[in-house]
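1. I would like the atomic coordinates for the input below:
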Amino acid sequence: MAPSIDTTLSELEGLARCYAQDSAEQKQRLLGRLARGRFSSAAQLLRYHEILCFLRAYPDDAAVLHDVVAALSQFGQRAELSRLRADLVDSGVSGAAIHFPFHWVTARWLCRHFPKQLHVDWDAFGAREAERFEHLLPLLLPYAEWPDFDLKMTAKQWLFRLKGDHETDASFLVRRFLALDVEPRVRESLFHDLGKPMRLEPGPKTPSRTLAFSPVRTIAYQTTALSRARPDLRKRRPPRSVRNLTGPAAIHVIDLARAAMITRGRDLDGIMYASEKDVRVFDAGQGLSLVCLGLAPEQRALVETIYVFLLLKNGVPIGYFQSALLFESAELNYHIFPSFRGAEAADIYARSLGVVRDVFGINAASIHPYQLGHENEDALRAGAFWFYAKLGFRPEEATNRALFEREAARMERRPAYRSSLATTRKLARSQMYLYFGKKRDDVAGKVPLAAFPLAVSDYLAKHYGAERERGLADSARRARALLGVSCRGWNGAERLAFQRWAPLVLSLPGVARWSPSQRTQLGAVIRKKGGKREQDFAHGLDQHRALRVALMKLSRRTLR
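-> You can find the predicted model right below:
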């Protein structure tokens, strides 16, 4: 009697992360059995799917990879899928729907690429959404067809009455938001107020975790055991190579990153607002590539610089690594997608950080409390705090530092000891830091970034009150005169950056006493904030010592 599907799945699950001498042959045998099998539940089908996704990223050899790719390419056509489709909603599996309150940028992208598959999720459209819809609907229509709500039509009835036969309710809604004659941030805010419950039905090319892949020149087969080593993060790990992507190649990897978020019910600003003009791919070795995405100029933060790296293992998206740069330091955000956890997480982190250090020249790094488990139960239960602690990160807040040292001493005396969940929750409340040079205070995580837009608000409130537009224009003129900058020949993004920075420039302590060359250099740094590659701004800020000192003084003065 042939083994059951559950038995075969369990055997393959136990073998998937094993790379012994004969493991490839065993995997092929089990993969063949499952390819011919019939699954009775969505849970079984999802277990099978996750094994396939892992083995595509970590194949033993060409034969295993061939069988895995064949199974994934046919997954959406499996006979069981039509029967089990409802139980696979939101799994990201090919052939299953995705329900999510998509951000405006994502909804617009989906409407452009998959207009027939995008629908309003009426099951999630409650009383609050209906009330918001009534308030917004008049803005979305010409004056002559302003709705009369005395007709007592529901939001669904209104949308189906208004849309064309050739479009879905959601695509109509997105297109009407696109037609609004307002600034982009106003459009985003209005769309957000709607609650945006939507549903993406499966189609031939709709995003899925099943088929997520970017072609690679060479596959790095896993011929040895997965690394469980605890790497030394201070060791230099520069990338093996870098490629600049433009045009369709850049768009392809940005779309791949967007799909990776969509199929996991996530949104990340660094991916949503990625610039097609600032895309690079770094080869970190052993099949690991980092797709580096910079922000579009109009979406960039005032002072810090944000880059997101989509992590690809043999072309398969396995997670992301975000760096928020400031003063030769970075606040880091590391996330491995569930399908790939437990397979070299520390090694991948070390090589990703190695790329960030080499590319951006940072000498300090920090981890936000949320990433450690503060108000984040998934990270808390996954042991994120101790993952970073074992890599060398340390808390600096006095109470947590003392608690950490007590817990570390207990582990030293009793290797089997583990901190309780309550203790780990306390440890996760404060930032952690790692220095590759001298310890210092002007690092990401310590500098209160909220102080800078607040300083702009203080300046404009004091001098212009409600006349913000006049204040920005006047501030730009005064800042140009102070810095000796004409802005002639600057492009639109560079001019926008200067306008945003102008009130901040005029608020900087002692800026009028700087040397002419220091003020000229400040103008050049600000221009780079609107340039093609925001990394140039980060480096310019790092090198302008007078500006760094003034920003630190301003932050303390603003928040005192």
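2. tally of neighbours for G164?
-> With neighbours defined by other C-beta atoms under 10 Å, the count for G164 comes to 9. The C-beta positions use only the backbone N, C-alpha and C, and glycine is treated the same way.
3. For it, list the residues it contacts.
-> By C-beta atoms under 8 Å, 6 or more residues apart in numbering, G164 lies in contact with F172.
4. any idea how far it is from D181?
-> Distance of G164 to D181, given as C-beta to C-beta, to the nearest Å: 21 Å.
5. repeat for A379
-> 42 Å.
6. Among those two, which residue is more densely surrounded?
-> Comparing A379 with D181 by other C-beta under 10 Å, the one with more neighbours is A379, at 20 against 6.
7. So the more buried one lies in a strand, does it not?
-> No. Counting by DSSP: H, G, I helix; E, B strand; the rest coil, A379 is not found in a strand; it is helix.
8. hey, where'd the helices end up in the stretch 1-150 of the chain?
-> Listed in chain order, the helices of the stretch 1-150 of the chain (DSSP state H, counting those that start in this stretch) span 5-16, 23-36, 42-57, 62-73, 79-84, 104-113, 127-136.
9. can you put those in a markdown table and add distance to P453, mean neighbour count and mean pLDDT?
-> Below are the helices of the stretch 1-150 of the chain laid out as a markdown table (distance: least, C-beta to C-beta, whole Å; neighbours: other C-beta atoms under 10 Å; pLDDT from 0 to 100):
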| stretch | distance to P453 | mean neighbour count | mean pLDDT |
| --- | --- | --- | --- |
| helix 5-16 | 48 | 16 | 94 |
| helix 23-36 | 54 | 17 | 95 |
| helix 42-57 | 40 | 22 | 97 |
| helix 62-73 | 46 | 17 | 97 |
| helix 79-84 | 49 | 14 | 90 |
| helix 104-113 | 21 | 20 | 96 |
| helix 127-136 | 27 | 14 | 90 |
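10. just so I know, which of these lies nearest E469?
-> With respect to E469, and counting by C-beta to C-beta, the nearest of the helices of the stretch 1-150 of the chain is helix 104-113 at 24.0 Å.
11. And the closest one, what does it pack against?
-> strand 118-120, helix 169-179, helix 184-193, strand 198-200, helix 247-262 (3 or more C-beta pairs under 8 Å, 6 or more residues apart in numbering; DSSP states H and E).
12. Run through the residues that contact the most centrally placed residue in the chain.
-> What sits nearest the mean C-alpha location of the chain, by C-alpha atoms, centre = their mean, is L268, with 3.6 Å. L268 makes contacts with 261, 308, 320, 322, as judged by C-beta under 8 Å, 6+ apart.
13. mind running it again at 6 Å?
-> L268 sits next to M261 when contact means C-beta atoms under 6 Å, 6 or more residues apart in numbering.
14. try D358
-> D358 touches P238, counting by C-beta under 6 Å, 6+ apart.
15. quick one: it and G342, what's the gap?
-> The spacing between D358 and G342, counted by C-beta to C-beta, is 27 Å.
16. Next: A127.
-> 43 Å.
17. Equivalent analysis for Q21, please.
-> 22 Å.
18. Show me which of the two is the more surrounded one.
-> G342 (11 against 7).
19. what distance separates the start and the end of stretch 162-171?
-> 12 Å (C-alpha to C-alpha, to the nearest Å).
20. Next: stretch 210-223.
-> End-to-end distance of stretch 210-223 (C-alpha to C-alpha): 24 Å.
21. So what touches it?
-> Contacts of stretch 210-223 (C-beta under 6 Å, 6+ apart): 19, 58-59, 61, 72, 75, 93-94, 256, 286-287, 314-317.
22. Output stretch 186-206 as CSV, nothing but the C-alphas.
-> The C-alpha trace of stretch 186-206 is given here as CSV (Å, rounded to 0.1, in the frame of the first residue of the first chain):
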residue,chain,number,x,y,z
VAL,A,186,-4.3,64.4,-0.9
ARG,A,187,-5.4,61.6,-3.2
GLU,A,188,-3.6,59.0,-1.1
SER,A,189,-5.2,60.3,2.1
LEU,A,190,-8.7,60.3,0.6
PHE,A,191,-8.3,56.8,-0.7
HIS,A,192,-7.0,55.7,2.7
ASP,A,193,-10.1,57.2,4.3
LEU,A,194,-12.2,54.9,2.2
GLY,A,195,-10.9,51.9,4.1
LYS,A,196,-9.9,50.4,0.7
PRO,A,197,-11.1,46.8,1.2
MET,A,198,-10.3,45.0,-2.1
ARG,A,199,-10.0,41.6,-3.6
LEU,A,200,-7.6,40.4,-6.2
GLU,A,201,-8.9,37.4,-8.1
PRO,A,202,-6.4,35.0,-9.6
GLY,A,203,-5.5,35.3,-13.3
PRO,A,204,-2.8,34.0,-15.6
LYS,A,205,-0.2,36.5,-14.5
THR,A,206,-1.5,37.9,-11.2
